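[1] sharing a model that was predicted from the sequence below.
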Amino acid sequence: MKKEERAGIIISELKKLYPHAECMLKYSGIPERLVVATILSAQTTDAAVNRVTPQLWKRYSTMEKLSSADLSHVEELLKTIGLFRNKAKFIVKAAGYMREFGLQDSIDELVKIPGVGRKTANVVIGEIFGKPAITVDTHVKRLSGRLGLSTNTDPGKIELDLKKIIPEQEQTMFSHRLITHGRQVCKALKPLCSACALRNICPS
Ligand code: SF4
């Protein structure tokens, strides 16, 4: 089966399984908070991020306040998540950048924000600006390999591979749905293959 054909079946099966998949990070509809939450989500679950951000926003309700925050206090608020010291530095710098320049709807501009890579930029492009976006997080990376959609391991290359075979109008929801499937079924250590709706077309 050609990769494009398999991708089409996967898109349609995932639609049936997770019609309402969505970004799990909470950001109260404030775009800059989504940037901060996504920076915090590196190598950390969204649930863990959602547990620390309410306190963060309570103390630093605007990017202006966060950008002039005392770093040790921000670290204290983030200490239950991985890499919290680096993340504290990045979100304070990112807040300063966003306060000054705002958010632009282009990947090239978004990756200029401290701590923002293509993953975060794509989350923002899809979620805030409603443009087609493929977000390659740990789940998308793993499932793209298992499902034979990409042989690459570099997230940027996987993104390009997926963009070639996933129609633009499907890309953002495809990312959400693949992430959900990775969390619920195609888990990193013990994928639940016998219960997986994709098992008949999955090369793994
Ligand atoms: S069949 Fe197994 S490896 Fe393939 S997508 Fe499903 S859970 Fe993952």
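    Happy to help now that I have it.
[2] what secondary structure does the spatially closest residue to Arg51 that is not a sequence neighbour sit in?
    Of all residues not flanking Arg51 in the chain, Thr80 sits nearest, at 6.9 Å (CB to CB, 6 or more residues apart in numbering). All C-beta spots, glycine's among them, are computed from the backbone N, C-alpha and C. Three-state call for Thr80 (DSSP: H, G, I helix; E, B strand; the rest coil): coil.
[3] Thr80 is in contact with Thr53, isn't it?
    No - here Thr80 does not reach Thr53: they are 11.5 Å apart, not a contact under CB atoms under 8 Å.
[4] more neighbours: which of the two?
    Thr53 (21 against 11; other CB atoms under 10 Å).
[5] does that one touch Lys26 like I think?
    Yes - contact criterion CB under 8 Å: Thr53 and Lys26 qualify, at 6.4 Å.
[6] where do the contact lists of those two overlap?
    Jointly contacting Thr53 and Lys26 under the rule CB atoms under 8 Å, 6 or more residues apart in numbering are Ala37.
[7] dump the residue contacts of the residue nearest to Arg51.
    48, 51-52.
[8] for the protein, just list every one of the helices.
    Secondary structure of the chain (DSSP state H): helices at 3-17, 31-40, 46-59, 63-67, 71-78, 84-101, 107-110, 118-127, 138-146, 155-165, 168-184.
[9] among these, which is nearest the ligand?
    helix 138-146 (4.2 Å; CB to the nearest ligand atom).
[10] so this structure: which segments form each domain?
    Per automatic domain parsing, the structural domains of the chain span 3-21+132-195, 31-127.
[11] so where's the protein shaky on pLDDT?
    Counting by pLDDT under 70, the chain has no low-confidence residues at all.
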